[in-house]
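S.K.: no sequence on this one, just coordinates:
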């Protein structure tokens, strides 16, 4: 029996408002409340609510034969609580079925794994607690922001007590190897790794509605046919994607909901695949080998590297400044300071400063509220400057 | 008087200067008829009667216009020359060209012509049409002297002169060398030179500009006069803006283009911050060098100390000065430079480059070579830290600038007028 492993990423950043130089020191409201609420409501209505409903129906129909997993960032959870409690309820209903696994990640969908081990551990801890509080489950599988992974990051994750982690099946790392097996961390073999099958994942997430694609339109017959073409010795097909694929990136008119609705029946009737959660696979499968990832990989872009978030002057300056104040933030007792510092760590802010889209696709433009990376940088730095003033004032008053 | 812009619809210092000058002239009983390509209706007309060139319709059956037109087309002008091309101007350029479905000779010779009054891609069409309108205005109004501001209006001035036979004064607020460095646009240069040659008098906004006029355009020095710009005393009471940041603030305000030397400001900022991190730098303005500057700020790792305020106008400018402790104008080439005067008027000490026209008249300002980043940093640091110095500069600078009145500048202008009557 081979497994299909669905993992859906649910994330919304706290988008920043237009914050001018004149606001520095005078106004500490950083978030575009209206925009955040608007987008949350829109995505809730287009994706979260209908898709959660669909998954619940499918679980009710197939029982334990159909399972999925979610990773929901802390910033998304906070915004559910603030703007869309109905979405939270629908996730709770899914949690209660017992067929849904919730993964651990960094609270703010952030990048501390590249900068500060302490902050990394803390944010994962806070996120874990939040999941326990909301869903009554303790996550045992880890997925890092944007599936970022390296040998060292894996080692840290193992240290935190996780037995399993998800990452990208990057071609330049795998070489001739197949992503459809269980692997292990190169430093600490106790940490097992599930690798995204990016071809089949992206067939659903990106190519589904692309009419210029040779295999358009994608049907469950076709998809299950591809699954059956996989070498019989292989063990698992990891379908990892943004949850917003359903209804938001791929509109309902594309037939994406119908596709998902019909998929399990086709899998059951025409293949020997089962649906499993990551932690079930962690119990069931043994690693075929260690995988060596000396430099961090991610699931983004053709390069599968970090250049969407870090690497140009703007990103590095903002990122370094943000983490340079960690000690002070930790000393500070004000929960709002800590909250803002975490929200400012969200990877999206650095993504907006990326300059490589000048040549790259328009997927990125879709997600970017700023006209240019320069505007994103200015706005972010203005806010960070104000934040640093607040921090300075707070710690000095305490000493 | 022919001018391309008039407050509040301005893109730079030219409109402000024209407005100040007309107010000054009014105090000396000189009546001004001001012709702009496009009037919006909300211009301040206390000192002038504004003529909107877009409203003038021309009857081309009248054979004299044919004659004017021949004269204007004679000075054929190439395209692709825009006085201040930056991202904003470029955007306007696009918008302007989208707006104008008609262009070229047909449009110019139509009965009515809608001017954008901007610096768009069809600028040359507008310049020509404007000159045509000038002929009509000159033929139907009574006046003694024609005064044309900057090259965009020189063709109009010449046209008016040939129709009326009245003396022409052209006013050089900036030369093509200031705008373009050494990559001079030959067409613009030719218009400027032709205008000055035909003119009875040439006014330059500084000796710096006067020397360029004489040396690079070969104009007879005897007819070139320096008339310094001035600044209107603030009509608002000196408002106190609440200081939102504790650190001292050093400000650059102007177009972010090569000519204004923003890069020297950045390098000096890094040097000052190395000595004292309790300073914030602000760059207010936009232009084609902005992205390069932002990148450099990140490279120099001072993103949390160096801020960008975008293009400011109106009250935001006053507010910016209200928050500033030092104003810096490191221009590589600046015919005059009115912004430091505005800063001083708001009690802000200034550091200006020796390569600016305004340096010729200001006493209470620190002056450095634009390229001398060390001296620039040193001046900024001094004004920030030695209270005696900044106090003196604020106090005397304010008095000094309050005495640089347009009505005084207008006396000189009136003298120049009288010399040709």
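M.R.: Happy to help now that I have it. In this text, all values refer to a predicted model and were calculated from it rather than measured experimentally. Numbers count the residues shown, from 1 in each chain, chains lettered A, B, ... in the order given.

S.K.: and residue B:282, that's in a strand?
M.R.: Yes. Residue B:282: assigned to a strand according to DSSP: H, G, I helix; E, B strand; the rest coil.

S.K.: who's it bridged to?
M.R.: Beta bridges link residue B:282 to residue B:251, residue B:307 when assigned by DSSP bridges.

S.K.: got it, and residue A:274?
M.R.: residue A:3.

S.K.: what about it, distance to residue A:345?
M.R.: The spacing between residue A:274 and residue A:345, counted by Cβ to Cβ, to the nearest Å, is 38 Å. In this view, the C-beta of every residue, glycine as well, is placed from N, C-alpha and C.

S.K.: which one's more surrounded, the two?
M.R.: Higher neighbour count among residue A:274 and residue A:345: residue A:345, with 25 against 17, using other Cβ atoms under 10 Å in any protein chain shown.

S.K.: and the residue nearest to the more buried one when sequence neighbours are not counted, what pLDDT?
M.R.: Nearest-residue entry for residue A:345: residue A:110, 3.7 Å, with adjacent residues in sequence omitted and distances by Cβ to Cβ, 6 or more residues apart in numbering or on different chains. We have a pLDDT of 98 for residue A:110.

S.K.: in contact with residue A:110, which residues?
M.R.: Contacts for residue A:110 (Cβ atoms under 8 Å, 6 or more residues apart in numbering or on different chains) come out as A:123, A:145, A:342, A:345, A:346, A:347.

S.K.: average pLDDT for the helix or strand that contains residue B:137?
M.R.: According to DSSP states H and E, residue B:137 maps onto helix B:123-140. Mean pLDDT, computed over helix B:123-140, is 83.

S.K.: kindly report the same for stretch A:242-259.
M.R.: Taken as a whole, stretch A:242-259 has an average pLDDT of 96.

S.K.: then stretch A:265-280?
M.R.: Averaged across stretch A:265-280, the pLDDT comes to 97.

S.K.: give me the contacts around it.
M.R.: Applying Cβ under 8 Å, 6+ apart, the set of residues contacting stretch A:265-280 is A:1-7, A:62, A:65-69, A:99-101, A:103, A:140-141, A:164, A:166, A:194, A:220-221, A:223-224, A:227-228, A:236-237, A:264, A:284.

S.K.: could you chop chain A up by domain?
M.R.: Residue ranges for the structural domains of chain A, counted by automatic domain parsing, are given in the record as A:2-291, A:313-398.

S.K.: now do the end-to-end distance for the longest one.
M.R.: When you say that, I think you mean domain A:2-291. 21 Å (Cα to Cα, to the nearest Å).

S.K.: and residue B:218, how many neighbours does it have?
M.R.: By the criterion of other Cβ under 10 Å, residue B:218 has 10 neighbours.

S.K.: how about the closest residue to it other than its chain neighbours, secondary structure?
M.R.: Spatial nearest neighbour of residue B:218, excluding adjacent residues (Cβ to Cβ, 6+ apart): residue B:193 at 7.5 Å. When classified by three-state DSSP, residue B:193 comes out as helix.

S.K.: which helix or strand in the chain has the lowest average pLDDT?
M.R.: Answering for chain A, as no chain was given. Of all helical and strand segments in chain A, the minimum by mean pLDDT, DSSP states H and E falls on helix A:363-367, at a mean of 59.

S.K.: hmm, I had chain B in mind actually
M.R.: Lowest by mean pLDDT, DSSP H and E among the helices and strands of chain B is helix B:87-99, with a mean of 46.

S.K.: how many other residues sit next to residue 10?
M.R.: Going with chain A. 21.

S.K.: you looked at the wrong chain, it should be chain B
M.R.: 16.

S.K.: how about the contacts made by the residue nearest to residue B:218?
M.R.: Residue B:193 touches B:217, B:218, B:219, counting by Cβ under 8 Å, 6+ apart.

S.K.: any idea how far it lies from residue B:176?
M.R.: Residue B:193 sits 9 Å away from residue B:176, going by Cβ to Cβ.

S.K.: how about the residues of the stretch 1-150 of chain B by chain A?
M.R.: Counting by Cβ under 8 Å from any Cβ of the partner chain, no residue of the stretch 1-150 of chain B lies close to chain A.

S.K.: for the stretch 1-150 of chain B, which segments count as strands?
M.R.: Assigned by DSSP state E, counting those that start in this stretch, the strands in the stretch 1-150 of chain B fall at B:32-36, B:48-52, B:146-149.

S.K.: weakest of those by average pLDDT?
M.R.: Confidence, taken as mean pLDDT, is least for strand B:48-52 of the strands of the stretch 1-150 of chain B (a mean of 84).

S.K.: show me which positions of that strand end up buried.
M.R.: Judged by neighbour count (16 or more other Cβ atoms under 10 Å in any protein chain shown), strand B:48-52 contains these buried residues: B:48, B:50, B:51, B:52.

S.K.: turn the residues you listed into JSON lines, including distance to residue B:322.
M.R.: Below are those laid out as JSON lines (distance: Cβ to Cβ, whole Å):
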{"residue": "B:48", "distance to residue B:322": "30"}
{"residue": "B:50", "distance to residue B:322": "31"}
{"residue": "B:51", "distance to residue B:322": "37"}
{"residue": "B:52", "distance to residue B:322": "35"}
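
S.K.: nearest to residue A:213 among those residues?
M.R.: Proximity of the buried residues of strand B:48-52 to residue A:213 (Cβ to Cβ) peaks at residue B:52, which lies at 57.5 Å.

S.K.: average model confidence for stretch B:305-323?
M.R.: 91.

S.K.: kindly report the same for stretch B:240-260.
M.R.: 90.

S.K.: mind checking what secondary structure residue A:348 has?
M.R.: Under three-state DSSP, the three-state class of residue A:348 is helix.

S.K.: compute the number of surrounding residues for the nearest residue to it once chain neighbours are set aside.
M.R.: Spatial nearest neighbour of residue A:348, chain neighbours left out: residue A:13 (3.9 Å); criterion: Cβ to Cβ, 6+ apart. Using other Cβ under 10 Å, residue A:13 is surrounded by 22 other residues.

S.K.: also residue A:222?
M.R.: For residue A:222, the number of neighbouring residues by other Cβ under 10 Å comes to 14.

S.K.: then residue A:286?
M.R.: Residue A:286 has 9 nearby residues by other Cβ under 10 Å.

S.K.: I'd say it and residue A:182 touch.
M.R.: Yes. Judged on Cβ atoms under 8 Å, residue A:286 makes contact with residue A:182 at a distance of 6.4 Å.

S.K.: ok, back up a step: Serialize the contacts of residue B:193 to CSV and add fields for pLDDT and secondary structure.
M.R.: Shown next, in CSV, are the contacts of residue B:193 (pLDDT from 0 to 100; DSSP: H, G, I helix; E, B strand; the rest coil):
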residue, pLDDT, secondary structure
B:217, 96, helix
B:218, 96, coil
B:219, 96, coil
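
S.K.: out of those, which is nearest to residue B:288?
M.R.: For those, the residue nearest residue B:288 by Cβ to Cβ is residue B:217; the value is 26.2 Å.

S.K.: leaving out sequence neighbours, find the closest residue to that closest one.
M.R.: residue B:193 (4.8 Å).

S.K.: and the gap between the one you found and residue A:74?
M.R.: 68 Å.

S.K.: which strands and helices lie in contact with the very next helix or strand once past the least confident helix or strand of chain A?
M.R.: Sequence order places helix A:373-398 as the next helix or strand after helix A:363-367, per DSSP H and E. Helices and strands touching helix A:373-398, by 3 or more Cβ pairs under 8 Å, 6 or more residues apart in numbering or on different chains; DSSP states H and E, are helix A:313-324, helix A:326-331, helix A:335-344, helix B:290-299, strand B:306-308.
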